[in-house]
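Asks: Sequence and predicted model, in that order:
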Amino acid sequence: MRGPAATLSTLIQNDSFILHKISLTAFAETPLHISALLGHVEFSKALVNQRPQLVTELDTFKPSPFHLASAEGHIEVVKELLQANKNMCLLADQDGRIPLHLAAMRGRVEVIQELISAIPN
């Protein structure tokens, strides 16, 4: 919840498979979902560096970490996620909304500009 990347490093040192075990749990959200929602840039970056597949994970209602960061206006997290997999910003959630929709609904102009710049079509 606090987002220190050093804590992630310690956890990975103690259990090098900790991020791989996420898909075996009953939790819908990954650590990247939570980090993106809270705007923890360095923690999100560390997660993506350790396990890039987390960018493509969806929770129960099908939002990706992109949806959460975009809705909350966390521009730096959005930029990190775009670097990892910009095509994920076109994925719709269960309501048919892509991250751009959520950013627009909440008036996150900076995020809107970044998403449109990443995939102008």
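Replies: Now that the structure is in, tell me what you want to look at. Residues are numbered from 1 along each chain as shown.
Asks: give me the low-pLDDT residue ranges for this protein?
Replies: Residues of the chain meeting the criterion pLDDT under 70: 1-13, 15-28.
Asks: quick one: the helices in it?
Replies: Counting by DSSP state H, the chain has helices at residues 5-14, 31-38, 41-50, 65-72, 75-85, 99-105, 109-118.
Asks: Residue 66 contacts residue 91, correct?
Replies: Yes. Using Cβ atoms under 8 Å, residue 66 is in contact with residue 91, at 7.4 Å. Every C-beta, even on glycine, is put in place using the N, C-alpha and C of the backbone.
Asks: who's in contact with the residue most central in space within the chain?
Replies: Centroid-nearest residue in the chain, with Cα atoms, centre = their mean: residue 65, separated by 2.7 Å. The contact partners of residue 65, by Cβ atoms under 8 Å, 6 or more residues apart in numbering, come to 30, 32, 33, 35, 36, 37, 44, 54, 55, 57, 77, 81.
Asks: What about the residue nearest to it when sequence neighbours are not counted, how many residues nearby?
Replies: Excluding its sequence neighbours, the residue lying closest to residue 65 (Cβ to Cβ, 6 or more residues apart in numbering) is residue 36, at 3.8 Å. Using other Cβ atoms under 10 Å, residue 36 has 33 neighbouring residues.
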